[in-house]
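> Predicted coordinates and the sequence they were generated for:
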Amino acid sequence: MDLKNYILYLICVSLLFFFLLFSVKMFERKNNIINSKVYALVNNYENVEKRDKKGNVNVSYPKFNYKVLDEKIIEFINQYSKENVSIQYSISVNRNIISIFFVINSEGKERYENINYSIKDSKFINKNDVFDFNILGNEVLEKVKVKYSNYIYERVVVDNFKSAFLKVVDDGIFIYFDNSLFENILHKVYVFFPNTEEDAVLTTNYDKVIAFTFDDGPSQYTASLVDALIANDSKATFFELGNRMKYNQDIVREIYNRGMEVASHTYAHKNLNKLSESEVDDEINSTNIIFNEITGGNIGYLRPPYGNANDKVKSRVNMPIITWSVDTEDWLSRNSEAIYNHILEHVNDGDIVLMHDIYPETVEAVKMVLPVLKERGYKVTTVSELAREKGKTLENGHIYRSMK
């Protein structure tokens, strides 16, 4: 390449570089203008309240002083604004999109509505522009299936996300499903997609605490129970048999590593009251050794089979003995509705609930009842955490049926 052509080449490269730099700067400037406009609207909106005849606020909505957006909101509010309806909202910004999530409460049932407006494109957009159900729909369904009952899952599948609404928050996106989709379901139905791959830790408001406990596993259903508990911000204690731990080591590790509590239900489910002292020791110690070899951890509690622990047994047990105050009798009914109803009818603050992780009906009942308990102000957790919440110090060889 001669000097003349080389100089021409350098000039062209330089011009291209400056053109690209100029384009980037203009793009950044345009985005900064859009961002400024979005945040100016969001940070300076007015909260408008309407009151019912008794003076109570029953309708609340934002006014942005942005004509096209305000007209859309007023149109929506006038559609729902009635004496027996209350409306609240939350606002978020996601990729230059103003997203307003409305909650309409009528006679104890909640409905939802979304208004999504793109400042960049100066138009209202649908929910797929915020969260693409065409791409992520299967992930949504999987979360619903893990967290909720088969009935709820099947209704969501049939609905195909027509009744799904988005609440965007700093940490991710809540997907709410309108309760009009379900019969006789009063609790909120939603799943959460965090912005990061890490599991989200959601804050739960509660004023009552209970422990869920599961006997006789591990089994093929134990992992599903753990999934359902975590999806519903809950924990449990699994009183497992040593002879089942031995042949289901991966499940034991999964329970332990995912934050559940693993305790002993003896090695072979024998009535300890009928055994000699050495036989009692074998039933307890062999299970502890197996658990330690699998996880490196130590077992902290014993649940004797049938709840039987006489003075001889208590004298041999170097850990607290945990029985129960609510027996769901899931082994007898094998019916998810019966288990669900029994828990809701009998459980109170401080209770220890007995179930078994060897029945699919119990898994279904747990998925049914956890959202209801959460709505009623219950935290469902492990025996250890229940004891801490209630300020109880548990002593070796003592029997605890509840933490009241």
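Okay, I see it.

> Break this protein down into its domains, please.
46-126, 133-194, 208-400 (automatic domain parsing).

> gap between the last one and the chain center?
To tie it back to what came earlier, the one meant is domain 208-400. Distance of domain 208-400 from its chain centroid, counting by CA atoms, centre = their mean, to the nearest Å, is 21 Å.

> Next, the distance between the ends of that domain.
End-to-end distance of domain 208-400: 18 Å, with CA to CA, to the nearest Å as the criterion.

> low-scoring stretches of the protein, by residue?
Within the chain, the stretches with pLDDT under 70 are 1-40, 55, 81-83, 197-204.

> Helices along that one, start to end?
Ranges of helices in the chain, per DSSP state H, are 3-43, 67-80, 133-147, 150-159, 222-231, 242-245, 249-257, 277-295, 311-316, 330-333, 336-346, 360-375, 383-389.

> I'd like to know which of those is closest to Asp216.
With CB to CB as the criterion, Asp216 lies closest to helix 242-245 of the helices of the chain, at 7.5 Å. For every residue, glycine as well, the C-beta is placed using N, CA and C.

> which residues are in contact with the closest one?
Contact with helix 242-245 is made by 216-219, 252, 264, 266-268, 283, 286-287, 290-291, 294, as judged by CB atoms under 8 Å, 6 or more residues apart in numbering.

> And for stretch 352-359?
Contacts to stretch 352-359, defined as CB under 8 Å, 6+ apart, come from residues 210-219, 221-222, 225, 238, 322-328, 330-331, 334, 339, 343, 347, 362-363, 365-366, 383, 386, 400-403.

> hmm, try it at 7 Å
Under the criterion CB atoms under 7 Å, 6 or more residues apart in numbering, residues 210-219, 221-222, 225, 238, 322, 324-328, 330-331, 334, 343, 347, 362, 383, 401-402 lie in contact with stretch 352-359.

> which of the residues you listed count as buried?
Neighbour counting by 16 or more other CB atoms under 10 Å classes 210-219, 221-222, 225, 238, 322, 324-328, 330-331, 343, 347, 362, 383, 402 among the contacts of stretch 352-359 as buried.

> Let me see the contact set for Ile210.
Listed by CB under 7 Å, 6+ apart, the contact set of Ile210 reads Val347, Gly350, Asp351, Val353, Tyr378, Val380, Leu386.

> same thing but at 8 Å, please
Ile210 neighbours (CB under 8 Å, 6+ apart): 347-353, 373, 378-381, 386.

> Tell me if I'm right that Ala365 and Ser333 touch.
No. If you go by CB atoms under 8 Å, Ala365 and Ser333 don't touch, sitting 9.5 Å apart.

> list residues touching both of these two?
Shared contacts of Ala365 and Ser333 (CB under 8 Å, 6+ apart): Ile339.

> Those two: which has the busier surroundings?
A count of neighbours by other CB atoms under 10 Å puts Ala365 above the other of Ala365 and Ser333, at 25 against 17.

> tally of neighbours for the nearest residue to the more buried one once chain neighbours are set aside?
Closest residue in space to Ala365, ignoring its immediate chain neighbours: Ile339 at 3.6 Å, by CB to CB, 6 or more residues apart in numbering. Using other CB under 10 Å, Ile339 is surrounded by 25 other residues.

> do the same with Tyr66
By other CB under 10 Å, 17 other residues sit near Tyr66.

> who touches it in this structure?
Contacts for Tyr66 (CB under 8 Å, 6+ apart) come out as Leu41.

> how close does it sit to Phe102?
Distance of Tyr66 to Phe102, given as CB to CB, to the nearest Å: 17 Å.

> Likewise for Lys270?
Relative to Phe102, Lys270 is positioned 59 Å away (CB to CB).

> if we can go back for a sec, can I get the helices of the chain in TSV with distance to Ile91?
Listed next are those as TSV, based on distance: least, CB to CB, whole Å:
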stretch	distance to Ile91
helix 3-43	6
helix 67-80	11
helix 133-147	22
helix 150-159	26
helix 222-231	27
helix 242-245	51
helix 249-257	39
helix 277-295	46
helix 311-316	59
helix 330-333	45
helix 336-346	36
helix 360-375	25
helix 383-389	35
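
> what's the closest of these to Asn195?
Proximity to Asn195 (CB to CB) singles out helix 133-147 among the helices of the chain, at 13.5 Å.

> surely the residue nearest to Ala365 meets Pro360?
No. Contact criterion CB under 8 Å: Ile339 and Pro360 do not qualify, at 11.4 Å.

> Excluding residues flanking it in the chain, which one is nearest Asp159?
In this structure, Asp159 finds its nearest non-sequential neighbour in Leu181, 5.6 Å apart by CB to CB, 6+ apart.

> Contact partners for the one you found?
Taking CB under 8 Å, 6+ apart, we find Leu181 in contact with Arg155, Val156, Asp159, Ser163, Val189.

> That one and Tyr148, how far apart?
Separation of Leu181 from Tyr148 (CB to CB): 12 Å.

> And Lys270 and Phe102? Which one has more around it.
Phe102 (22 against 17).

> Show the contacting residues for the more buried one.
Listed by CB under 8 Å, 6+ apart, the contact partners of Phe102 are Tyr61, Phe76, Ile87, Gln88, Tyr89, Tyr112, Glu113, Asn114, Ile115.
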